[in-house]
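Engineer: here's my sequence, what's the structure:
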Amino acid sequence: MNMVNFKGQAVLPIGLGTWHMGDEPQHRATEIAALRSGIQTGTELGTLAIDTAEMYGEGRSETLVGEAIQPVERQKLYLISKVYPWNASEDLLPKSLDASLNRLGVDYLDLYLLHWTGNIPLAETVLAMQRAQKAGKIRHWGVSNFDTSDMQELWQVPDGDQCVTNEVLYNLGSRGIEYDLVPWLQAHQLPVIAYSPVAQGDSLGNDLTADPLLNEIAAAHHVSVFQLLLAWVIRNGETLAIPQSSSADHVQNNLAAAKLELTADEWQLIQAKYPTPTRKQPLDVL
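Structural biologist: So this is what the prediction gives:
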């Protein structure tokens, strides 16, 4: 199993996403059970990433995660959260960060992301991130939903090159980032964090889970198409996938996908049917 390297920290290639979790009180027990199931299995294999944000349920997701991780040794987890663009100022970012830490019940985040580009100058956000890092409240910082031009702009800002990752939508049905963004990130040794890595449709609206080729390959390995799609996303060893699931069984299946190995011929068959983009495409965002 290939680990993903975040500035010297090796992280399991499949983590736990939490978007939409914590929104419905009646699902709280089930969601916490799903997270704890994933945490128990994941931390036996290595350092497990859990991705959340102040946006998710306006903090309810962070509170849910905070409860789920209480019995766990902190160093076994790689905790990621995100700040709203309008809270990413010199004055407001520290307050948002403290609120996130409080909801999570921890002293620091492993990674803090600017959720998407906004009106606050990047130089100001980077300054606030750097100060939070020096204060020991975050180990590293990064960005989310940044296209290639956004990354280039960030690199022109003082200390902008201290960014360690870019979290973007990425799956077999949405390969647009491979045209120019992924090569740029690779050239700067930045791993990708892929949200919505198990999209069920491609850019033409076709249902990937009904694809005969994908079903045939999945069946040959005794896995589901969803597991195959996850294995595809993490195939290069430079991508952290963060699928979200409120089912303990689904979480276990997701983590197991990290061990799936396809033959060269199988990879080529998938590539032939879902080829790398040959032109620039707008950044897909959910």
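Engineer: per-residue confidence for residue 152?
Structural biologist: pLDDT for residue 152: 98.
Engineer: dump the residue contacts of it.
Structural biologist: For residue 152, the contact set (C-beta atoms under 8 Å, 6 or more residues apart in numbering) comprises residue 184. (Each C-beta comes from the backbone N, C-alpha and C, glycine too.)
Engineer: any idea which element it lies in?
Structural biologist: If you go by DSSP states H and E, residue 152 is part of helix 148-155.
Engineer: residue 266 - nearest residue in space that isn't next to it in sequence?
Structural biologist: residue 217 (5.2 Å; C-beta to C-beta, 6 or more residues apart in numbering).
Engineer: shouldn't the one you found be in contact with residue 269?
Structural biologist: Yes. At 7.1 Å, residue 217 counts as touching residue 269 under the criterion of C-beta atoms under 8 Å.
Engineer: out of the two, which sits in the more crowded spot?
Structural biologist: Neighbour tally, residue 217 and residue 269, criterion other C-beta atoms under 10 Å: the higher count belongs to residue 217, 22 against 16.
Engineer: ok, now which ones touch residue 34?
Structural biologist: 245-248, 250-251.
Engineer: quick check: it vs residue 260, distance?
Structural biologist: From residue 34 across to residue 260, the span is 21 Å (C-beta to C-beta, to the nearest Å).
Engineer: so where do the helices sit in the stretch 151-286 of the chain?
Structural biologist: Counting by DSSP state H, counting those that start in this stretch, one finds helices in the stretch 151-286 of the chain at the ranges 181-187, 212-220, 225-233, 248-256, 264-273.
Engineer: which among those helices is found nearest to residue 196?
Structural biologist: helix 225-233 (9.9 Å; C-beta to C-beta).
Engineer: mind giving me the packing neighbours of that closest one?
Structural biologist: helix 212-220, strand 239-241, helix 248-256 (3 or more C-beta pairs under 8 Å, 6 or more residues apart in numbering; DSSP states H and E).
Engineer: understood, closing this out.
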